[in-house]
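Engineer: Fold the stuff below for me.
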Amino acid sequence: MTSAKETLRTQLGGNFRENGMILALLAIVFFFLVVVRAVQDVDFLSAQNITNLFLQNSYVIVMALGMLLVIVSGHIDLSVGSVAAFTGAIAAVLTVQQGWPVWAVIPTVLVAGGLIGAAQGYWVAFWRIPSFIVTLAGMLVFRGLTLWLLAGQNIGPFPREFQALSTGFIPDFFGVGRPNMTAIAVVVIAILAIVWQSLRARRQDEAFGMETGSAAMFWLKHAVVSAVLLFVGWKLASFRGLPNVLIVMSVLIVAYNFFTNQTTTGRRIYAVGGNEKAAKLSGIKTSRLVFFTFVNMGVLAGLAGMIVTARLNSATPRAGTGFELDVIAAVFIGGASMAGGSGKVIGVVVGALIMGVMNNGMSIMGIGIDYQQVIKGLVLLVAVIFDVYNKTKQG
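Structural biologist: Have a look, this model is predicted:
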């Protein structure tokens, strides 16, 4: 006889952790909506605050996508904050001091980030040095190089073309103005694409005899997600439209979701993290895949470094401090396993949004940074305990 817990798990479509985190995100948003209104008389879901939420946390989502692959492969990267700071400093030197055009600076910085990732991934993948040690050393090295490159000073301001990477908005091509009809059209297309892709994946799972859960739960989940996206899209459209950085994040999320779910290389990375010896015996070149995950992480850290630098309109020696903690926390809160081999892009995005909503809500309420760190640490601990508990029950 099926237990109530098994029935609930089936009704949630076999994605108990992922759907649970979505519900947790909605609950946290509702909590701050009520509390912030009562304490500060501020609308937590105002168009301006939603826009700020994306602008302030874009770097977390960008780097969390790369960190997911590193953690899934069974490793970790502690240097991403320092690498983001260093690549941001490179962008500042090339743009402000050397006068390079933006179209040349962006690919140069991305290549620099990739080379940094390759330098660290080489020792991890081919020399089998623990990633914790290699990237801890990298965190110190690139923090020092940032101080050296900037000579301990801030470098800025940047031209508007570079600032647009983080603070620019997509114009309304329909010429309406407010609401921004381009933003609404993009959101509607995104919703249709999400539903279509989910239906396609569900039919594929059914064709292979995999558990898909009830149709009612499937449509309920997508109705809630669609309603949330429409609400956010309307809010953004009534303010300044879609931020450029939101478009960049959305493209990356779609690309990495496709890569991890639909490509052979993506599935092999999960195999490496699940059981590296078995993966190697099956013919998978595990070292190359681990190397690739670190190169990819370096490129995304470079992109995040430019986004942060553009938002601040200045490269600072202290930029990137603590970024690695928020990024790693977002991945684990989003459902990735400490042991590697599991984790989803959507879960990571939800985890990053949970961290961002908490940061934003606590800041509006005037909670000190000391208490914020305590609360975020406890949330991370609960997420890890939940992961360990699930694995123990399954074992």
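Engineer: can you give me the mean pLDDT across stretch 107-122?
Structural biologist: In this model, stretch 107-122 has a mean pLDDT of 97.
Engineer: Please disregard the earlier target; I meant stretch 129-138.
Structural biologist: Here the average pLDDT along stretch 129-138 is 96.
Engineer: Please point out which parts of that stretch sit buried.
Structural biologist: 131, 134, 135, 138 (16 or more other Cβ atoms under 10 Å). Glycine gets a C-beta too; all of them are placed from N, C-alpha and C.
Engineer: Can you dump the C-alpha atoms of the host helix or strand of the second one in CSV for me?
Structural biologist: It stands for residue 134. Remark: residue 134 resides in helix 131-150, with elements defined by DSSP states H and E. Listed in CSV are the C-alpha atoms of helix 131-150, where the atom choice follows Å, rounded to 0.1, in the frame of the first residue of the first chain:
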residue,chain,number,x,y,z
SER,A,131,40.0,21.5,-5.8
PHE,A,132,39.6,23.0,-2.3
ILE,A,133,43.3,23.6,-2.1
VAL,A,134,43.8,24.8,-5.6
THR,A,135,41.0,27.3,-5.6
LEU,A,136,41.8,28.4,-2.0
ALA,A,137,45.2,29.3,-3.3
GLY,A,138,43.6,31.0,-6.3
MET,A,139,41.4,33.0,-4.1
LEU,A,140,44.5,34.5,-2.4
VAL,A,141,46.5,34.9,-5.6
PHE,A,142,43.8,36.7,-7.6
ARG,A,143,42.9,38.9,-4.6
GLY,A,144,46.5,40.0,-4.4
LEU,A,145,46.7,40.5,-8.2
THR,A,146,43.6,42.7,-8.0
LEU,A,147,45.2,44.9,-5.4
TRP,A,148,48.4,45.0,-7.6
LEU,A,149,46.6,45.8,-10.8
LEU,A,150,44.5,48.6,-9.3
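Engineer: could you dump the helix or strand that comes right after it to CSV, C-alpha only?
Structural biologist: With elements assigned by DSSP H and E, the helix or strand that comes after helix 131-150 is helix 160-167. Extracted C-alpha coordinates of helix 160-167, given in CSV (Å, rounded to 0.1, in the frame of the first residue of the first chain):
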residue,chain,number,x,y,z
ARG,A,160,27.8,54.4,-20.9
GLU,A,161,28.2,51.5,-23.4
PHE,A,162,30.0,49.4,-20.7
GLN,A,163,27.6,50.5,-17.9
ALA,A,164,24.7,49.3,-20.1
LEU,A,165,25.8,45.7,-19.5
SER,A,166,24.4,45.9,-16.0
THR,A,167,22.2,49.0,-15.8
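Engineer: so how far is helix 160-167 off the chain centroid?
Structural biologist: 20 Å (Cα atoms, centre = their mean, to the nearest Å).
Engineer: Which of the residues in it are classified as buried?
Structural biologist: 162, 163, 164, 165, 166, 167.
Engineer: Adding pLDDT and distance to residue 280, write those residues out as JSON lines.
Structural biologist: As requested, the buried residues of helix 160-167 are exported to JSON lines (pLDDT from 0 to 100; distance: Cβ to Cβ, whole Å):
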{"residue": "162", "pLDDT": "91", "distance to residue 280": "44"}
{"residue": "163", "pLDDT": "91", "distance to residue 280": "47"}
{"residue": "164", "pLDDT": "89", "distance to residue 280": "45"}
{"residue": "165", "pLDDT": "87", "distance to residue 280": "40"}
{"residue": "166", "pLDDT": "86", "distance to residue 280": "41"}
{"residue": "167", "pLDDT": "85", "distance to residue 280": "46"}
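Engineer: which one of those is nearest residue 384?
Structural biologist: Comparing the buried residues of helix 160-167 against residue 384 with Cβ to Cβ places residue 166 closest, at 31.4 Å.
Engineer: Cross-check the contact I'm expecting between that closest one and residue 56.
Structural biologist: No. Taking Cβ atoms under 8 Å as the definition, residue 166 is not a contact partner of residue 56, at 10.1 Å.
Engineer: where does the stretch 101-250 of the chain have low pLDDT?
Structural biologist: For the stretch 101-250 of the chain, the stretches flagged by pLDDT under 70 are 176-177.
Engineer: Where do the domain boundaries of the protein fall?
Structural biologist: Following automatic domain parsing, one gets these domains for the chain: 15-168+263-394, 171-242.
Engineer: Between the ones you listed, which one is closest to residue 248.
Structural biologist: Closest to residue 248 of the domains of the chain is domain 15-168+263-394 (Cβ to Cβ; 7.6 Å).
Engineer: any idea how far the closest one is from the chain center?
Structural biologist: Remark: domain 15-168+263-394 is offset 6 Å from the chain centroid, using Cα atoms, centre = their mean.
Engineer: Pick out the residue closest to the middle of the chain.
Structural biologist: With distances taken as Cα atoms, centre = their mean, residue 61 lies nearest the centre of the chain, 2.1 Å away.
Engineer: For it, give me the backbone phi and psi.
Structural biologist: phi -60, psi -40 (degrees, to the nearest 10).
Engineer: Quick check: it touching residue 351?
Structural biologist: No. Residue 61 is not in contact with residue 351 according to Cβ under 8 Å; the separation is 9.4 Å.
Engineer: Measure how the helix or strand hosting residue 105 sits relative to helix 160-167, angle-wise.
Structural biologist: In this structure, residue 105 is located in helix 102-125 according to DSSP H and E. In terms of direction (axes from the mean of the first three to the mean of the last three Cα atoms, to 10 degrees), helix 102-125 departs from helix 160-167 by 50 degrees.
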